[in-house]
Structure formats: structure tokens, C-alpha cells
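In: what's the 3D shape of this:
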Amino acid sequence: MTPQDHCTVVAPLAAGREAALRALLDGMNREPGLADPAHPVLPFGAFGQIHFARLVLIDDALQADLDALPDARTRPPRPRLPTALVLMIDCDGPARDCLADLVARAGDGLRQLFGHCAGFDPQGDAPADLLAWLLARARPAQAAYVNTLGRTVQQVHEEQALQAWLSARLPSGSRTEPLAAPDGARRLHAALQARARAAVQAGELRLTPEAPTPLAWQLRRWLHLLAVPAIGLLLGVLLWPLLLLALPVLLWLLRQREQADPEICPRPDPGLLRTLQALEDRDVTNQYTAIGPVKPGRFRGWLLAALLLAIDYSCRHLYTRGYLARVQTIHFARWVCLDARSRVLFISNYDGSHQGYMDDFINKVAWGLNLVFSNGVGWPRTRWLVLGGARREHRFKPYQRRHQVPTQVWFKAYPGLSLVDLARHQRIRDGLARTDLTEAEALAWLKLL
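Out: Numbers count the residues shown, from 1 in each chain. Next up, the predicted model:
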């Protein structure tokens with residue numbers, strides 16, 4: 001199995017370079033927000049390990065919400081955060097290897113992009129210098145989700161081609177006449193299986209065997225699986241009297257803050273809303289990028305860190321086969337803390353409309369949204385961390401739209417395919433390999449075609 005990884009590079013812009021960079025980013029698109037996969041600056045489509053990629057500009061806009069907090073007058077003046085260019089990639093294999101491949105094959109384009117950023121040395125032409133510069137600005141994800149761990153870009157393309165090849169070779173009338181005979185579905189399955197095997201041997205089809213799982217990755221995963229609960233249990237055993245005494249105080253502090261923290265949920269700016277909507281529904285999959293400040297103070301900072309640790313653990317070990325809690329439409333998602341954990345960047349790639357995506361969360365995992373995002377300034381008021389909040393749809397939907405950032409360039413390696421399609425194609429491949437299908441199973445397999 002080839003595991004998936006993520007890369008997030010954040011580089012503040014040099015003074016006076018934003019307009020030129022925006023023009024360069026706009027020119028990389030085939031249509032608004034949708035990347036030209038063969039664009040010479042960054043031909044994302046030429047890199048067979050990249051599932052999704054995006055280039056986004058983030059600015060200081062919502063930091064002004066900090067001024068609405070109760071203690072705003074007693075805090076030092078906040079420095080203005082510079083606008084930054086963010087490169088985000090979801091890939092097969094280690095993210096460092098993917099970034100090194102980008103540098104080796106598209107270094108000139110990366111220099112064009114990041115040449116607008118502060119601290120970039122245009123004289124550093126060596127690939128090693130550029131890679132080191134990018135890695136120095138890479139930010140780790142505090143939590144990351146992959147819909148189906150081990151499903152590679154190569155596998156997606158090969159299984160899509162297999163489905164099309166098999167469908168084109170179904171005999172006319174095969175859904176009626178041959179299947180009416182005894183074992184008709186099994187015989188048709190066997191015939192297609194033999195033809196597909198011959199096509200693979202002739203090079204007409206490719207069905208690459210699954211690669212072995214890297215041993216180092218397996219060891220790290222097992223260590224993480226065991227270490228996190230072990231450390232938590234050990235701390236619980238050692239500190240349980242203190243925790244027992246502290247729990248009422250912590251709950252009181254939480255409730256006090258929930259009642260005092262302001263809600264900031266105005267309707268989003270109409271111009272921003274039109275911009276966001278113009279970038280959506282270009283494919284069966286959409287992109288989502290959102291950012292916002294974290295409520296100041298150690299209490300919220302530690303709470304957020306603990307919750308992101310729990311989410312990351314769940315995504316690594318529990319939600320690896322098509323589900324994030326009860327939501328089944330997300331390809332990849334991640335949470336990245338920026339600026340000394342004072343802001344959180346959230347990105348996802350999801351199937352369906354924006355409205356359906358939000359309704360999915362409200363109806364299925366509103367409590368999960370509250371756990372993390374209620375630590376953000378202005379979130380709809382919660383009760384005991386999990387109640388209220390995102391359940392208050394009339395507050396939540398304006399809030400999330402207001403925090404959403406337009407994605408200047410977005411790439412998807414398999415346009416037109418949803419997660420339902422990917423799962424169906426994988427079932428077709430798995431069923432093709434079987435020799436022990438019953439008549440009912442063979443008929444169900446043929447219906448997948």
C-alpha cells in the first residue's frame with residue numbers, strides 16, 4: 001500500500017507584489033479557479049502522484065474580529081499579518097519527495113510564483129536551494145484526513161479505464177438473453193475476465209499491483225497508534241486526583257467563556273459571495289478553504305491543541321475507509337495552525353454542492369464542528385462545547401462563508417469522478433479478479449459496469 005501525505009507551504013508576499021501575483025495565478029486557470037493541468041508555470045497534471053493541489057492567497061482580513069473580544073482593550077495592539085501565498089498538495093508517498101519532484105521538473109515555475117514572496121533569492125538557482133527554501137516554509141498539518149488510505153492516483157486512472165473497457169465489451173442484449181440462461185452472469189463474468197487478462201498481457205490495459213507498504217511508515221503508524229493512548233492513560237493514572245479536582249474548574253471556565261465570547265456571524269459580503277460561487281460546481285468535486293483567528297488565551301489554545309490531536313488520531317487510525325465520522329463526501333481535508341497557533345487554516349476537497357456539504361455537517365457531525373471550530377473567534381455560541389454552535393444553521397452558514405477564502409488555482413487529478421465512482425471502480429476491479437462468484441454476485445458485479 002502506498003500511503004498518502006500532505007504539503008502546505010506558506011510564504012508571505014514581498015511589498016507591492018500582490019497584484020502581479022494575482023494576475024499570474026489567474027493566468028494558470030483553464031476557467032475561474034480551475035487549473036490548466038498542463039500550464040507551463042505548474043503543470044500539475046504531469047505529476048502522477050498528485051491528487052489535489054491548490055494555490056491560495058490569505059490575508060489579515062478577519063484578524064479585526066479580535067477587537068470584538070471582551071479583553072480587546074487590555075491586550076497589546078495586534079500587528080498586521082502580511083498577505084501570504086499558500087501552496088497545498090495532497091499526494092501519494094512522502095510529501096517531501098513530491099515537493100522535490102516539483103522542484104526538479106517545474107523549478108522555473110515555482111521561482112516565478114515564489115519570486116513574489118519575501119526572502120526569496122532569485123539568484124538561488126540550484127534545485128537544492130529552492131527545495132530548502134520551500135521546506136523551511138512548510139507547515140505541518142495538526143490533523144489530516146484521507147478518504148481511502150492507499151488509493152493512489154495511478155489506481156484511480158487504471159480502474160477508470162478498466163470500467164470503460166469492460167462496459168464497451170458487454171455484448172448487446174447481455175442484460176436479458178444470456179443472463180436468462182443458467183449461470184449466464186457467471187459465464188459472462190468469466191468471458192470478460194479472460195478478455196481483460198489478455199488485454200493486460202498485451203499492454204492494452206494496465207492493472208498495476210499494489211505496492212508494498214513502506215516499513216518505516218508502518219512502524220511510525222503502529223507507534224502512533226499505541227503511544228498516544230498509552231501516554232494519555234499514563235497521565236490519567238498519575239494525575240487523576242488533580243484532574244478530578246480540576247474538572248469542575250475547567251468546566252466552569254469553559255462555560256464562562258462560552259457565555260462571554262461574542263458571536264460574529266453577519267451575512268458575508270455580497271462581492272465575496274459572488275466570487276466564491278463563481279469558483280464552485282466546475283466539477284462534481286469542489287474545493288473549500290477557510291481561515292480564522294483562534295480565541296486568545298492558554299485555555300482555548302490548549303483545548304484546541306488537545307482536540308486536534310484527538311481528531312488526527314481518529315483520522316489516522318479509524319476514519320481511513322470512506323468516512324469522516326458520518327460524512328462520506330470528503331476526499332482529503334486538513335487543519336493547519338499558522339502564526340504561532342493564532343490562526344487555523346482548514347481545507348477540504350468534497351463532492352457535491354457547497355450547500356449540501358454544509359448540510360451534511362449540520363445534520364451529521366455538528367458536534368464535531370463545534371469541538372474544533374468553537375475555539376475560533378466569532379463562532380455561533382455553543383453550550384458545553386458540543387451543543388448549539390453549528391446546529392444554529394442561520395448563524396453557522398453565514399459564519400463559514402465569511403471565513404471562506406477564494407481559491408485562486410485548484411487542481412484535481414481525476415475530473416468528473418466522485419468518491420462513489422472511485423469506490424464503484426474499485427469494486428469492479430476486485431470483482432474481476434475473483435473466480436468464486438455466485439450467480440447473484442456475478443449479476444451484481446455486471447450491474448456495476
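In: Contacts only, for the spatially closest residue to residue 83 that is not a sequence neighbour.
Out: Once flanking residues are discounted, residue 83 sits nearest to residue 59: 4.4 Å by C-beta to C-beta, 6 or more residues apart in numbering. C-beta here means a position set from N, CA and C on the backbone, and glycine is covered the same way. Listed by C-beta atoms under 8 Å, 6 or more residues apart in numbering, the contact set of residue 59 reads 81, 83-84.
In: Out of those residues, who's the most crowded?
Out: When neighbours are counted by other C-beta atoms under 10 Å, residue 84 leads those with 20 neighbours.
In: So it is in contact with residue 58, correct?
Out: Yes: contact criterion C-beta atoms under 8 Å: residue 84 and residue 58 qualify, at 5.5 Å.
In: Now for the two: what residues contact both?
Out: residue 10.
In: which SSE is residue 233 in?
Out: Using DSSP states H and E, residue 233 falls within helix 215-260.
In: which helices and strands does the following helix or strand past that helix pack with?
Out: Downstream of helix 215-260, the next assigned helix or strand under DSSP H and E is helix 270-278. Packed against helix 270-278 by the contact rule (3 or more C-beta pairs under 8 Å, 6 or more residues apart in numbering; DSSP states H and E) you find helix 393-403.
In: repeat that with 10 Å
Out: strand 33-35, helix 393-403 (3 or more C-beta pairs under 10 Å, 6 or more residues apart in numbering; DSSP states H and E).
In: Figure out the length between the terminal residues of stretch 168-183.
Out: Using C-alpha to C-alpha, to the nearest Å, the end-to-end distance of stretch 168-183 comes out at 22 Å.
In: Please apply the same query to stretch 16-32.
Out: 24 Å.
In: re earlier: any idea which of the helices and strands packed on helix 270-278 is most buried?
Out: Among the helices and strands packed on helix 270-278, ranked by average contacts under mean count of other C-beta atoms under 10 Å, first place goes to strand 33-35 (a mean of 22).
In: Need the contact partners of that strand.
Out: Strand 33-35 has contacts (C-beta atoms under 10 Å, 6 or more residues apart in numbering) with 25-26, 28-29, 41-45, 53-55, 275-276, 278-280, 282-283, 286-287, 406-412, 415.
In: List the neighbouring strands of that strand plus their orientation.
Out: Strand 33-35 has its sheet partners listed here by DSSP bridges as strand 29-31 (antiparallel), strand 407-412 (parallel).
In: CA atoms only: put the helix or strand just after that strand into PDB for me.
Out: Per DSSP H and E, the first helix or strand lying C-terminal to strand 33-35 is strand 50-58. Presented in PDB, the C-alpha positions along strand 50-58 are these (Å, rounded to 0.1, in the frame of the first residue of the first chain):
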ATOM      1  CA  ILE A  50      -0.700  14.500  -7.000                       C
ATOM      2  CA  HIS A  51      -4.400  14.000  -6.200                       C
ATOM      3  CA  PHE A  52      -5.300  17.600  -5.400                       C
ATOM      4  CA  ALA A  53      -3.400  20.900  -5.300                       C
ATOM      5  CA  ARG A  54      -4.200  24.500  -4.800                       C
ATOM      6  CA  LEU A  55      -2.700  28.000  -4.700                       C
ATOM      7  CA  VAL A  56      -4.400  30.400  -2.300                       C
ATOM      8  CA  LEU A  57      -3.700  33.900  -1.100                       C
ATOM      9  CA  ILE A  58      -4.600  34.500   2.600                       C
END
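In: Strand 50-58 vs strand 407-412, what angle?
Out: Calculated by axes from the mean of the first three to the mean of the last three C-alpha atoms, to 10 degrees, strand 50-58 forms an angle of 180 degrees with strand 407-412.
In: just the strands in the stretch 101-250 of the chain please.
Out: 143-146 (DSSP state E, counting those that start in this stretch).
In: Flag the shaky bits of it, pLDDT-wise.
Out: 122-126, 172-181 (pLDDT under 70).
In: just to revisit the earlier point, can you put the strands paired with strand 33-35 in a markdown table and add mean pLDDT and distance to residue 367?
Out: Shown next, in a markdown table, are these (pLDDT from 0 to 100; distance: least, C-beta to C-beta, whole Å):
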| stretch | mean pLDDT | distance to residue 367 |
| --- | --- | --- |
| strand 29-31 | 94 | 37 |
| strand 407-412 | 97 | 28 |
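In: Among those, which comes closest to residue 107?
Out: strand 407-412 (17.8 Å; C-beta to C-beta).
In: Find the residue at the geometric middle of this protein.
Out: Centroid-nearest residue in the chain, with C-alpha atoms, centre = their mean: residue 333, separated by 2.3 Å.
In: mind pulling up the phi and psi values for it?
Out: Phi and psi for residue 333, reported as degrees, to the nearest 10, are phi -150, psi 150.
In: Wait, residue 162 touches residue 195, no?
Out: No: judged on C-beta atoms under 10 Å, residue 162 makes no contact with residue 195 at a distance of 11.6 Å.
In: Mind listing the shared neighbours of the two?
Out: In contact with both residue 162 and residue 195: residue 205, using C-beta under 10 Å, 6+ apart.
In: Mind checking which of these two has more residues around it?
Out: Higher neighbour count among residue 162 and residue 195: residue 162, with 22 against 15, using other C-beta under 10 Å.
In: ok, so what distance separates that one from residue 45?
Out: From residue 162 across to residue 45, the span is 21 Å (C-beta to C-beta, to the nearest Å).
In: likewise residue 426?
Out: Noted for residue 426: a distance of 22 Å to residue 45, by C-beta to C-beta.
In: Next: residue 237.
Out: From residue 237 to residue 45 the distance is 53 Å (C-beta to C-beta).
In: same thing with residue 273?
Out: Residue 273 is 30 Å from residue 45, by C-beta to C-beta.
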